[in-house]
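**Student:** curious how this folds, go ahead:
(chains A and B)
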Amino acid sequence: GNSVTQMEGPVTLSEEAFLTINCTYTATGYPSLFWYVQYPGEGLQLLLKATKADDKGSNKGFEATYRKETTSFHLEKGSVQVSDSAVYFCALTPNTGFQKLVFGTGTRLLVSP
Amino acid sequence: DAGVIQSPRHEVTEMGQEVTLRCKPISGHNSLFWYRQTMMRGLELLIYFNNNVPIDDSGMPEDRFSAKMPNASFSTLKIQPSEPRDSAVYFCASNRLAGESGEQFFGPGTRLTVL
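**Tutor:** Next comes the predicted model:
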């Protein structure tokens, strides 16, 4: 079946540090891949997406590249800010039949000043 | 755009009581999703509707849970009777087409506490 695996959190960084949150997936065919972010007390919101192999999604300084050969979609940011503290979810839709979002378990990021 | 609207934002009730959660999707969106989020189980899809019709309710945990979408601008999730293990944050999300890119727009959630 379709599944998403994320690194365990929390990830604790100092401001301006480099961030990587690993995400790998299992899916048949060619899924679309997403990163959602959940700030404290809020719902999830789309951060970035990529719909085909080698695409790079980017937003707010975050980037992720769709790597079909390694079935990965790692999230990166060159310099994190305290305001980036949140829970990050990797997700996919299978692009076959109904586009149900399959989420990973989420990774909490804590950035200290 | 007002975004997805959920009410109430917080609900505290006693075991055995009926609970009704409400959702108003974004205007023009014709797919609606109900999720439940807990520390133990993460984010779970409970049910989704397409054009007001329930398509997949395989995530609904028990017969105590039911969901309706009487029109394109309103949906309810009801728990009767409620139990302490139902305590969670319940999210509603919508998108324009079930088959469109997968981006879903989430509401702020309802935090349910069953005592």
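
**Student:** where's residue A:36, which helix or strand?
**Tutor:** strand A:32-38 (DSSP states H and E).

**Student:** next secondary structure element downstream of that strand?
**Tutor:** Using DSSP H and E, the helix or strand that follows strand A:32-38 in sequence is strand A:44-50.

**Student:** in PDB, could you pull the C-alpha coordinates for that following strand?
**Tutor:** Taking C-alpha atoms only, strand A:44-50 is exported to PDB below (Å, rounded to 0.1, in the frame of the first residue of the first chain):
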ATOM      1  CA  LEU A  44      -2.400  22.000   8.700                       C
ATOM      2  CA  GLN A  45      -1.500  24.200   5.800                       C
ATOM      3  CA  LEU A  46       0.300  23.300   2.600                       C
ATOM      4  CA  LEU A  47       4.000  24.400   2.600                       C
ATOM      5  CA  LEU A  48       5.200  23.000  -0.700                       C
ATOM      6  CA  LYS A  49       4.500  20.300  -3.200                       C
ATOM      7  CA  ALA A  50       6.000  18.400  -6.200                       C
END
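
**Student:** quick one: buried residues of stretch A:106-113?
**Tutor:** Going by neighbour count (16 or more other CB atoms under 10 Å in any protein chain shown), the buried part of stretch A:106-113 is A:106, A:107, A:109, A:111. Where C-beta positions appear, they are placed from N, C-alpha and C, glycine not excepted.

**Student:** how about that stretch as CSV, C-alpha atoms only?
**Tutor:** C-alpha atoms of stretch A:106-113 as CSV (Å, rounded to 0.1, in the frame of the first residue of the first chain):
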residue,chain,number,x,y,z
GLY,A,106,4.8,14.4,11.7
THR,A,107,8.1,15.8,12.9
ARG,A,108,8.2,18.6,15.5
LEU,A,109,10.8,21.3,15.0
LEU,A,110,11.8,23.5,17.9
VAL,A,111,14.0,26.5,17.1
SER,A,112,15.6,28.4,19.9
PRO,A,113,17.0,32.0,19.8
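
**Student:** what average pLDDT does it get?
**Tutor:** Mean pLDDT, computed over stretch A:106-113, is 96.

**Student:** just stretch B:21-34 next, same as before
**Tutor:** On average, stretch B:21-34 scores 94.

**Student:** ok, residues contacting that stretch?
**Tutor:** B:1-8, B:11, B:45-52, B:67, B:69, B:72-78, B:90-98, B:104-105, B:107, B:110, B:112 (CB atoms under 8 Å, 6 or more residues apart in numbering or on different chains).

**Student:** measure the residue most central in space within chain B to residue B:80 for me?
**Tutor:** In chain B, the centroid-proximal residue (CA atoms, centre = their mean) is residue B:34; its distance is 3.1 Å. With the distance defined as CB to CB, to the nearest Å, residue B:34 ends up 15 Å from residue B:80.

**Student:** pretty sure residue B:12 is touching residue B:87, no?
**Tutor:** No. Checked against CB atoms under 8 Å, the pair residue B:12 and residue B:87 is beyond contact range at 9.5 Å.
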